[in-house]
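> Build me a structure from this.
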Amino acid sequence: MLNSTVICFVDLNSPAQELNEPYALELLKGQLLSHFGESVSVMLMSTSMNSINEIYDVAFGADVLAFSLNNADTSLVNKIIACDGSPDRLILFGGIYPTIGYKAILNQFQDSVVVLGEGEKSIVEVLSCYMANRAEYRNDMIANDVHGVVFNCNGKLYHSEPKVIDLAAVAHPSRDFIIQHKGKFSGIARIEASRGCSWGKCVFCGIKNRFCDSEKRVFSVNYVVDEIYKLNNLGIYKAFFNDEDFLDVEVPHLLTLLNGIIHANCSIEFFISTSVASILNLEKKNMLKEVFNLMLLAGIKDVFLGVESGCATQLNRYNKGVSVAANEKAMSLVVGGGFKLDVGYILFDPYVTKTELLANIEFIERMQNFGVDSRVLKKMLIIPGTEIHNKLISNGLLESETDANSMYVGYNFYNPDIEHICNEYETYENKGKVSVGKFQSIIRLEKNPQKRIQYSKLLIDIRNIDLCVLKNIVYGNLDRTVLFKNKKKEMLHRIDELVCLTINVT
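Alright, predicted model coming up:
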């Protein structure tokens, strides 16, 4: 477009086992087009959906290059920046990693600007300054008190804290990546009905970095329903709500939202995340049955529950605010309500004891009654700035600080014996981790209910083998792990065949 500012967004997140719609970039494009109109030409690229040469071609000549980083290797950034562009080109970084690791980003890319947290408002203000005066836009950002940015200016680091944005001012996402696939998008489509978390106190959670605060805010029902109509018209059959806790809203709003989705009468199945506390709060208010019935009518089939642990002392250390009994009750209610249960679980944290491991193993064995095929034998990921991160610093357990290639920090366990157990198990699990991850993605997106149940049973069998291996590692019976490892090899061959078959079909 003549005289328009050319902006190229690049989603640089490493290709994962699941093809995720780069929803954040589509939101930003929608916001820029809503504000600037034809004054900007915005192009979206993703390393998981576009070839490197395609990205180079689009980046060539762009006035603005904006990179989204969550847990990506930045080695590709330099190559893209090296593409010929305007001599006064603006380089932007945004996403979870730049928000928490902006110092590392600015050390490596000194002339760039980092947008912190929610970017819809900040990026408009940054580009307004840049488009008005490319030579002085940094000084203009300071003079205009642009919030939510960090950059170098006149030999000093300028850091402006982000502000919570009004969701009523957020434009609709452009949905470029789904539109490009012309009704054949086979990945995970995204949508959101709220941001934030009323609890916001878990020691490992980085929600305050992501959203500036944990304050709960909701999109209007009309906004959400309009997005559902759009996804339905684009041929989407399954969409994942990005909400930290879908049910963590006032009950009247929740009922209005669910009824709005029902009345949209679209053929989409939804996946939501919620908390044990939200489930039990609805039950306490005698609203759970009604809400569950509406959820089923709205097409919600899968419910992710942040359980995290089956041990009281560990739950207290995580500051979850719930008990082991509450976790089991919430899981029972979700499954009894007719939903497929997915759980979040953090088995290994830096301070876990052997007694806690054994208590968790018993809990996970009971959890098998709920048909859970989730990966639960996981190690805690430490996000800088969280309460657990600060505790690790004070205890001298940090192994490394974040760098430009990782969102997380390395750490040592308080108990060296537990560290040995964790390392031994991770060495075993890593041999089939990619295959199992791809298989889980296939299960989540499988349209045929019978096939999904069949595949889920196979995945549950694999999870059970993993648990048996861990038990024997904990008890020091390494010789007994051989049988389970051999059995898993056979099952991995089977799922590799299924993954290849599914890829060839799609």
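
> can you give me the strands for this structure?
Listed in chain order, the strands of the chain (DSSP state E) span 5-11, 40-46, 64-68, 90-94, 113-115, 149-153, 156-160, 189-191, 194-195, 217-218, 238-241, 269-274, 300-308, 340-345.

> for stretch 59-66, the distance to its chain's centre please.
Distance of stretch 59-66 from the chain centroid (Cα atoms, centre = their mean, to the nearest Å) equals 26 Å.

> Can you tell me the number of residues neighbouring the spatially closest residue to residue 357 that is not a sequence neighbour?
Once flanking residues are discounted, residue 357 sits nearest to residue 474: 5.7 Å by Cβ to Cβ, 6 or more residues apart in numbering. To be clear about C-beta, it is placed using only N, CA and C from the backbone, and glycine gets the same treatment. If you count neighbours by other Cβ atoms under 10 Å, residue 474 ends up with 17.

> again with residue 394
Other residues near residue 394 come to 8 when the count uses other Cβ under 10 Å.

> Domain boundaries for the protein, per the record?
5-160, 188-345, 372-379+415-506 (automatic domain parsing).

> quick one: which of those is nearest residue 390?
domain 188-345 (9.2 Å; Cβ to Cβ).

> and that closest one, average pLDDT?
For domain 188-345, mean pLDDT rounds to 95.

> Centre of the chain to that domain, how far?
Using Cα atoms, centre = their mean, the offset of domain 188-345 from its chain centre is 14 Å.

> start to end distance for it?
Start-to-end span of domain 188-345 (Cα to Cα, to the nearest Å) is 22 Å.

> Likewise for stretch 137-149?
13 Å.

> For the domains of the chain, give me CSV that also has distance to residue 362.
As requested, the domains of the chain are exported to CSV (distance: least, Cβ to Cβ, whole Å):
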stretch, distance to residue 362
domain 5-160, 29
domain 188-345, 7
domain 372-379+415-506, 10
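
> Tell me which of these sits nearest to residue 360.
That would be, of those and by Cβ to Cβ, domain 188-345, which comes in at 5.1 Å.

> Go ahead and flag the most central residue of this structure.
Residue closest to the mean C-alpha point of the chain, counted by Cα atoms, centre = their mean, is residue 242 at 7.7 Å.

> Show me the contact partners of stretch 87-96.
Stretch 87-96 is contacted from outside by 13, 24, 28, 62-71, 81, 102, 105, 109, 111-115, 119, 123, 126-127, 130, 134-135, 137, 206, 209-210, 407, using Cβ atoms under 8 Å, 6 or more residues apart in numbering.

> How about stretch 478-498?
Against stretch 478-498 from outside (Cβ under 8 Å, 6+ apart): 428, 432, 435-436, 439, 442, 455, 458-459, 461-462, 465-466, 468-469, 472-473.

> just to revisit the earlier point, what would the strands of the chain look like in JSON lines with mean neighbour count and distance to residue 419?
JSON lines is the format used below for the strands of the chain (neighbours: other Cβ atoms under 10 Å; distance: least, Cβ to Cβ, whole Å):
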{"stretch": "strand 5-11", "mean neighbour count": "24", "distance to residue 419": "34"}
{"stretch": "strand 40-46", "mean neighbour count": "21", "distance to residue 419": "36"}
{"stretch": "strand 64-68", "mean neighbour count": "25", "distance to residue 419": "33"}
{"stretch": "strand 90-94", "mean neighbour count": "25", "distance to residue 419": "33"}
{"stretch": "strand 113-115", "mean neighbour count": "28", "distance to residue 419": "34"}
{"stretch": "strand 149-153", "mean neighbour count": "21", "distance to residue 419": "35"}
{"stretch": "strand 156-160", "mean neighbour count": "13", "distance to residue 419": "36"}
{"stretch": "strand 189-191", "mean neighbour count": "23", "distance to residue 419": "36"}
{"stretch": "strand 194-195", "mean neighbour count": "24", "distance to residue 419": "36"}
{"stretch": "strand 217-218", "mean neighbour count": "18", "distance to residue 419": "40"}
{"stretch": "strand 238-241", "mean neighbour count": "20", "distance to residue 419": "34"}
{"stretch": "strand 269-274", "mean neighbour count": "20", "distance to residue 419": "30"}
{"stretch": "strand 300-308", "mean neighbour count": "23", "distance to residue 419": "20"}
{"stretch": "strand 340-345", "mean neighbour count": "20", "distance to residue 419": "19"}
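
> possible to save the ones you listed as a markdown table with distance to residue 367?
Formatted as a markdown table, the strands of the chain follow (distance: least, Cβ to Cβ, whole Å):
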| stretch | distance to residue 367 |
| --- | --- |
| strand 5-11 | 34 |
| strand 40-46 | 35 |
| strand 64-68 | 35 |
| strand 90-94 | 37 |
| strand 113-115 | 40 |
| strand 149-153 | 42 |
| strand 156-160 | 44 |
| strand 189-191 | 28 |
| strand 194-195 | 28 |
| strand 217-218 | 31 |
| strand 238-241 | 22 |
| strand 269-274 | 17 |
| strand 300-308 | 8 |
| strand 340-345 | 7 |
